[in-house]
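>>> only geometry, no sequence info:
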């Protein structure tokens, strides 16, 4: 590989490229960030652009990347991407690695996009071993956060990583291997309850009548967590209904219903996962950007579990993969953090 | 009270009057059904009729009842109703009885609608004692099914009744008193998952592309029940996600996703309620009209609990209340079934 080895000169464009948005950084040969940008040019927007312009999807992705690289001051610089850009319907299918695999960047050989100039590589996703019913769980994008988080934590042999989001992932590393993960659709369920059930009616009415939108409220969140933790024997759909009875009794104002539901859901999720899959004393860490990480940290802390909250692990992961596969020169570990 | 005591002559119009629909029966003085009808003239439709005709809601209800009675061949006959017609925003607020109360029709004094001619009475709802958080659960309409079911079962002193629906109720009778009930929003959650999450995507696409609508499938339902029962330690939002991974692995066809989700939800609900609130050996019965009763019966049977399924208990309840409060003459119990 030919690298631009001048300090301060862009050597790689790193991209966390998702369905609805992306984040991109230009890095010099030491992996230092020279510039960064975010955009709504996720897969959906690129697909719509291709359709509207009557061009191939690949061409639309190439044009989007060229614009992005210009904006970063890194025109013509090779790129490494992770996320849904490597899914079927993305730029190029980057495949999925079957678990278990070694928990090192060296296991994640990127897929090179055919005929792209400059060179574009995409990190592969992960697939669990089949469960009793013969079905596998899959992820894409989070693998790069995991690689970044493991590097940040000093490559522990045993750790559980929590990656909150629309579909929260709990991923387990044992004896230096990524052995398993599970998807908990907490974020999507929260949105569906607010948008499509009677629980969200008061909040929707308040918003429609011009009242301020639902605001995060830690007291209501804590009440939701406490309700889930103190009623483990209730059917889940009964615990949910407490958001209705508490609203009707005047105890839960419309603006706090969203936070209360977050507490109910994250309370159930964390309690079940702590009881079920984590060995006592095992290291646990959160990988999250934004307020969701704080909520999980809060719910876990209520249960006596203090976990580090790691931000921007996608960038770290892209950097580690780039070094492992020669897209950036290997650097002494002191510059990788 | 003056009763029309001629056999075969209408003595009472009994109505189960809900939000979106109603069912009505004309009964003779012995409580025998002379005619019956169903209609979409629930509270919502009556409210829209009042607005469109620029008349008072009470007048709209009176006109709707007059039309209904004509259709039943019972013009000018007194009526007894249960359901949301007695809620705020219904015809007349019929109030709610605070638990615990005696589990007999004599405890349910109906509220007479002011200035209605012929006379119209409405059965009151129920309200639980406040829980630890100070909030109460409420129901309206199901109390009449409960009264009917208890009469049908021979007024047992101890029984748990399950009333499946959008908001399923589990109601407990102990020592001859209705002591408590809980709401499990299983039906509404099922609809929200199908309509507003990724789990329902394949089913929605299949329906949109002209494939037959989701059909009840007992094998998929049983698989959902089994998944909930064998994974009690999973977060609920992780168990739900199995509908996605099973679809992706080709194991769960789009048309069966609805049944699988029903199984997941009813499995969680019944397992938790059986473990939490029912004494071993206690009598349990289902009050349900339509296919939902069969699904609950099936899920309970999987767990070794055989329960009777009682249909049309609302009519029974209206008949028992009518006799207890002199709207029908008291009859020997042999004619009440």
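In hand now; what should we look at? Just so it is clear, the model here is predicted, and its values are computed rather than measured. Numbering: from 1, shown residues only, chains lettered A, B, ... in the order given.
>>> farthest residue from the center of chain A?
residue A:249 (37.2 Å; CA atoms, centre = their mean).
>>> tell me the confidence at that one?
Note for residue A:249: predicted pLDDT of 91.
>>> wait, isn't it in contact with residue B:135?
Yes. The criterion here is CB atoms under 8 Å, and residue A:249 meets it with residue B:135 at 3.7 Å. Every C-beta, even on glycine, is put in place using the N, C-alpha and C of the backbone.
>>> could you pull out the buried residues of stretch A:79-95?
A:79-87, A:90-92, A:94 (16 or more other CB atoms under 10 Å in any protein chain shown).
>>> how about the strands in the stretch 151-300 of chain A?
With DSSP state E, counting those that start in this stretch, the ranges of strands along the stretch 151-300 of chain A come out as A:159-163, A:168-174, A:177-184, A:283-287.
>>> and the average pLDDT for the longest one is what?
Model confidence over strand A:177-184, given as mean pLDDT, is 95.
>>> show me what that strand is packed up against.
strand A:101-102, strand A:168-174, helix A:257-276, helix B:236-248 (3 or more CB pairs under 8 Å, 6 or more residues apart in numbering or on different chains; DSSP states H and E).
>>> likewise for the first one?
When contacts are defined as 3+ CB pairs under 8 Å, 6+ apart, strand A:159-163 sits against helix A:142-152, strand A:168-174, strand A:283-287.
>>> nearest to residue B:312, of those?
strand A:168-174 (44.8 Å; CB to CB).
>>> ok, the closest one: who's next to it in the sheet?
Note on strand A:168-174: by DSSP bridges, its sheet partners are strand A:159-163 (antiparallel), strand A:177-184 (antiparallel).
>>> and residue A:298, which of the ones you listed is closest to it?
strand A:159-163 (12.9 Å).
>>> so how far is the least confident helix or strand in chain A by mean pLDDT from its chain's centroid?
None of the helices or strands of chain A scores lower by mean pLDDT, DSSP states H and E than helix A:201-208, at a mean of 86. Helix A:201-208 has its C-alpha centroid displaced from the chain centroid by 29 Å (CA atoms, centre = their mean, to the nearest Å).
>>> the inter-axis angle of it versus helix A:236-248?
Orientation check (axes from the mean of the first three to the mean of the last three CA atoms, to 10 degrees): helix A:201-208 against helix A:236-248 gives 50 degrees.
>>> helices or strands up against helix A:201-208?
By 3+ CB pairs under 8 Å, 6+ apart, helix A:201-208 packs against helix A:186-196, helix A:257-276.
>>> measure the nearest residue to residue A:205 once chain neighbours are set aside to residue B:134 for me?
Using CB to CB, 6 or more residues apart in numbering or on different chains and skipping residues adjacent in sequence, the residue nearest residue A:205 is residue A:254, 7.0 Å away. Look at residue A:254 and residue B:134: by CB to CB, to the nearest Å, they are 18 Å apart.
>>> neighbour count winner among the two?
When residue A:254 is set against residue B:134 and neighbours are counted by other CB atoms under 10 Å in any protein chain shown, the residue ahead is residue A:254, at 18 against 11.
>>> if I look at that one, how far off is residue A:244?
Taken as CB to CB, the span from residue A:254 to residue A:244 is 12 Å.
>>> over to residue A:80?
48 Å.
>>> equivalent analysis for residue A:136, please.
Counting by CB to CB, the gap from residue A:136 to residue A:244 is 37 Å.
>>> which one's more surrounded, the two?
Between residue A:136 and residue A:244, residue A:244 has the larger neighbour count (other CB under 10 Å), namely 22 against 16.
>>> hang on, the earlier thing: for residue A:328, which of the helices and strands packed on strand A:159-163 is the nearest?
helix A:142-152 (13.5 Å).
>>> ok, residues contacting the closest one?
With CB atoms under 8 Å, 6 or more residues apart in numbering or on different chains as the test, helix A:142-152 has contacts from A:16, A:82-83, A:97, A:103-105, A:108, A:123-126, A:156, A:159, A:161, A:163, A:169, A:171, A:173, A:178, A:285, A:287, A:310, A:312-321, A:336-337.
>>> next, the contact list for residue A:176, please.
Here residue A:176 is in contact with A:102, A:103, A:104, A:155, A:157 (CB under 8 Å, 6+ apart).
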